[in-house]
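1. When you get a sec, could you give me coordinates for this:
(chains A and B)
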Amino acid sequence: MEGAADSDTPVTERPAADRAAALARLLHRDCTRLLELYKERESFLSQHAPGGERLVTLALCPEALSTGEQVGHVRSALRRCMGLLECLIVREVEEMGEELEGEYESLRKTVRDRLGHLLHSTGALLEEGEGGCPPSPPLQCTEGQDEVEASGSFAAKIWTYRVLLELIHWTDSASQTLHLFHSEQHGQQQQQQQLL
Amino acid sequence: MTSCGSDIPEKSESFMFPQDKVVPVGSNMTFCCIVKEKDDFKEMMYGRQEMSATRLSRRTYAITVTNQPASGNTGTNVICCSQRLTLTGAVVFVGYPPGDEGLVCETRDLASAECSWKKGRDTRLRMKRSRTKYTLNGRDCLEANERKTWWCSSKVWEESWTLVARNPLGTVQLTDSAQLTDRVHLLAPVNVTAVEVEAWSATLQWSWSVASYKKLEMVCQLQLFAHELSSTRNYSGPGLSSVVLESLRPDVDYTVTLRCGSKHSFWKWGNESAPFRIHTKMDRPDALDVWMWMDSSNTGRVFWKPLSVRKSHGALVGYEVSQSSAEEDGRTPVSLPPGNFSYPIILNNSSDITVAVAARNPAGLSHVTLHALSVISFPVDSQLSVSELLGTNGSFVLSWQPNVNASSGYAVEWVPTGCSGLCPVDWKKVPESDCSFTVNSDSLVAGVRYTVSVYSLSTGALTLLQRWQGYSQEMIPSQSVSKLSPIQTGSDVLLSWKATAMEHQRGFIRGYTVYLANAAHLDLIANISDPEVQSYRVKGLSPSFYKFVVKAYTSAGEDAGSTVDIKIEMDTADMLFVGILVPLGIMFCCLILISICCYKKREWVKKAFYPEIPGPKVPGDWSSPQGPLDVKPSPHSLVHIVENPERDFTKEGLFLVPEEEEESENDNIEVDTDSDEPALLRYYNQVVGDGSHSNQVSDSSGSSTASVGSTQTEITYAGIQSPTSSQGACGGGGYRPQMQSVAGPAEPQIEFEADFQDDGLNTGYKPQCSWQLDSPEAENFSGSLGSPTSVTSSQFLIPESSEEKPQPSNTWFHNFLSGKS
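-> Predicted coordinates:
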């Protein structure tokens, strides 16, 4: 993992929260790069960003008071992002087929795989679920596209852009939250060791 | 296209028309943008190009694009935007209609059909819905539509085929027709295997995945690869499934591939089988190429050339050498490990021997190569003359006269000259039809002398035909002459040396050059073109230090040279000669110069050292030194005789000496004996000197034993001789004033007192000094002779300076002093 390169400590010896934070940072960089590649292909996105509401929100989640709860909330959002990403991939493959194997298509697959690992890692950190957020309904891939003021291929491009923005936002949030979570855990462990 | 009624309040959101259109390249299109209520419209863009929009209504804008270029993989984006945001947009797909061509159908299984074609120009339409769709004879072509391949299969051969390629921009139709047997394209053989692999052959078998192949008359092509070499072999037959590969090589790794085709109406080769490896078995090695070389009358070596991999037929494990002769039974073979390529041979009083050499590998022993050697016909020290052989571009080009006895051909042997023991002997056997051969430079070393021999080969015999010695390429000698020594003989130097050893010559020595080394370069003084000459005499060398360089040269040039130096010195005799005679010569030169100067300045010398004594004025000629000088005594000479009975003889005094008979040089002078006058006194001059030394003055040449500087000259002045004979009766010649006289009556009694000494010479008056020229007194001779007070001479002592008469040799000094020449 790229995050493991940030520390000389072997990955297997690092705390789970720390590893999850590192994975979140790596995934955040991948998502940023993915959007860059998409903008290179659809150049209008660099010049005139489309507007619109967020695709992933935590409106239904209670307020997160603890760091652990925040981790839960972030994980809930990431799960939503995962659904959106999978819809994105299915649609693009449906439209373009699987013949295109450029950097965008390859990184898209990597992001999906790492996002899945991150969801698994954060899930192992949580003891009481995802901070009280209600379970999300199954995502319909066409969901959200109606909100785009367009139709057809152009609407799909705008929607893809928004999905990639969500991925960037929530992986960044996950990175910060997991880092804070790890710091708190580390501090608690040191206090316990001192008491002993 | 016209979309009516969208610019209405019920449809307040932004929207663009048309959406997802597919148009051909070069088309013109108009896009309409309906801006959301209260949104600001800024511009419309087609791809990256900003377009000039036309306002159609309150919130409707339009652009028109002409000659649209092909779009990218995801189409061309047309957007309508405000100052900051993209309000709405559309995607247009611009591409080409299908360009497929070249439909060809064939059968792989002799039943179904596979039709393939060329894709043609890219349509630039990547979206699935815009891709080209294919149908073959009205049926969808799944392979082409799903996998994006360009072939389509049909279960039944229909002999006529029609392929339709369609996309949103157009349709193309391709056709083909043929008989099935004309379009047979076989699949690859399967299960290829080798059975009965031998050393020189192998049987290959395979099978077919299509049963109907067994009845098909086919031709199969087999590719053999081995050691980077490949060969192709064709086999044919109905349903061919095995072949026998002949002419293989033992112990060789072959890789085999196989493909087949229809023999009748051949369409194309089928698919190639997977490579298959075959390793042939070993076989006995080929016979060795053997040669024998004798380095003495009874010793030699048998050589053989290593077998190539091709001829080894398997890795060799060793060699076997055996020797036999007519007198002895065959000996036990000697086994040698591989890597040995020679073996010593010793002849024990055998005239004919046979050596057998064989190679062995795991498959067995090679055929024995017999090398018969007849000592008689193969003498070591052959009397055959050896010719000089010159290399040609590093090779030896040989030719010889055909020999009728060469039933087995000829053998050319070359070996470094003078080699003994394990020598790098090389040879080549040529057939009897060849009478020439070139020894390649690969087997020759430049600068090495080789002995090249040609033998005729016949059953059991070798005959030496011709022999040369030469260099494939001559080089300058690696060592120069040795033992270079100089021997001085007078002013000559004899240089001698010994020739360079043959192993260091590196070429035929053509001669020697002799140089005289100066400070900066060498001066050639001799070029000896006869290599047998090993000495040279350098003549006429002056005493000095010399350095000589002698170089041997071949056709390639001179060697570095040997240097010797010598210092030339004069002989002892010469040294003495020069050391003694030179100073002596200088001294005599100085004397001569002084003499010349004195002669030139004789007047001054005379005046300075010997001033002229004024002479008496006398009549007549007084210059004649020969005749006696008759002098009439002056009256003062008369002496009154006083009777004195006693005379003290201790007192010196003059007394009259009776005249004696004596011989004189001047007998012819008339003497007046009858005159009353007092008798004339006759003076004569007699010079007594050592005439033997008078001519050895200033001889500065020749003998080194002559003694110089010992000349003496005595001048004695004679006494006065009386002309009368009576006077001679007194027992003395002439006038002797100091003698006691026995007076007669007519005889005047004269008595003189004089300091007179009788020195035993009865020659008259003698002055009282006797001097030598080079005696110490001679330095003061001017005082004794020139002084009027001490010398009385009968002749002029100093001749007149005006007279230049040749003087006799015995008076040269006198003349020198007188200033005469």
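
2. Let's verify A:Leu115: helix, strand, or coil?
-> Put simply, A:Leu115 is helix when judged by DSSP: H, G, I helix; E, B strand; the rest coil.

3. For it, which non-adjacent residue is closest in space?
-> Of all residues not flanking A:Leu115 in the chain, A:Met82 sits nearest, at 5.4 Å (C-beta to C-beta, 6 or more residues apart in numbering or on different chains). C-beta coordinates here come from the backbone N, C-alpha and C atoms, glycine included.

4. Within the helices and strands, which one has the one you found?
-> Element membership of A:Met82 [criterion: DSSP states H and E] is helix A:67-96.

5. for chain B, what are the low-confidence residue spans?
-> B:1-9, B:147-148, B:326-331, B:349-352, B:370-384, B:460, B:571-575, B:618-821 (pLDDT under 70).

6. could you point out the longest helix in it?
-> Determined from DSSP state H, the single longest helix within chain B is helix B:582-600.

7. Check chain A too.
-> helix A:152-195.

8. Report the contact partners of the residue nearest to A:Leu115.
-> Going by C-beta atoms under 8 Å, 6 or more residues apart in numbering or on different chains, A:Met82 touches A:112, A:115-116, A:119.

9. and which of the residues you listed is nearest to B:Leu187?
-> Checking these against B:Leu187 with C-beta to C-beta, the nearest one is A:Arg112 at 40.8 Å.

10. List the residues that contact the closest one.
-> A:82, A:85-86, A:89.

11. Helix, strand, or coil at it?
-> helix.

12. ok, now how distant is it from chain B?
-> A:Arg112 is 20 Å from chain B, where distance means C-beta to the nearest C-beta, to the nearest Å.

13. Then A:Glu36?
-> From A:Glu36 over to chain B (counting by C-beta to the nearest C-beta), the distance is 16 Å.

14. secondary structure element for that residue?
-> Per DSSP H and E: helix A:16-41 holds A:Glu36.

15. Give the pairing partners of the helix or strand of chain A with the lowest mean pLDDT; include direction for each.
-> Here the helix or strand of chain A ranked lowest by mean pLDDT, DSSP states H and E is strand A:49-50, holding a mean of 76. Sheet partners assigned to strand A:49-50 using DSSP bridges are listed as strand B:85-95 (parallel).

16. distance between the strand it pairs with and the chain's centre?
-> Centre-to-centre, strand B:85-95 and its host chain are 86 Å apart (C-alpha atoms, centre = their mean, to the nearest Å).

17. now the angle between helix A:152-195 and it, please.
-> Relative orientation of strand B:85-95 and helix A:152-195, computed by axes from the mean of the first three to the mean of the last three C-alpha atoms, to 10 degrees: 120 degrees.

18. Could you pull out the helices in chain B for me?
-> For chain B, applying DSSP H gives helices covering B:142-147, B:309-312, B:502-505, B:572-576, B:582-600, B:602-609, B:776-779, B:781-784, B:812-818.

19. and the helix holding A:Met82, what's its mean pLDDT?
-> For helix A:67-96, mean pLDDT rounds to 89.

20. mind listing what's buried in it?
-> Using 16 or more other C-beta atoms under 10 Å in any protein chain shown as the test for burial, helix A:67-96 gives A:67-85, A:87-89, A:91-92, A:95.

21. With stretch B:93-100 instead?
-> Buried-residue list, stretch B:93-100, by 16+ other C-beta under 10 Å: B:93-98, B:100.

22. go on, stretch B:558-566?
-> B:558-559, B:561-562, B:564, B:566.

23. Stretch B:261-273 now?
-> For stretch B:261-273, using 16+ other C-beta under 10 Å, the buried residues are B:261-263, B:267, B:270, B:273.

24. Among these, name the ones in strands.
-> Members of those lying in strands (criterion: DSSP state E): B:261-262.

25. Could you export the buried residues of stretch B:261-273 as JSON lines, including distance to B:Val164?
-> Shown next, in JSON lines, are the buried residues of stretch B:261-273 (distance: C-beta to C-beta, whole Å):
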{"residue": "B:Gly261", "distance to B:Val164": "31"}
{"residue": "B:Ser262", "distance to B:Val164": "30"}
{"residue": "B:Lys263", "distance to B:Val164": "35"}
{"residue": "B:Trp267", "distance to B:Val164": "25"}
{"residue": "B:Gly270", "distance to B:Val164": "29"}
{"residue": "B:Ser273", "distance to B:Val164": "37"}
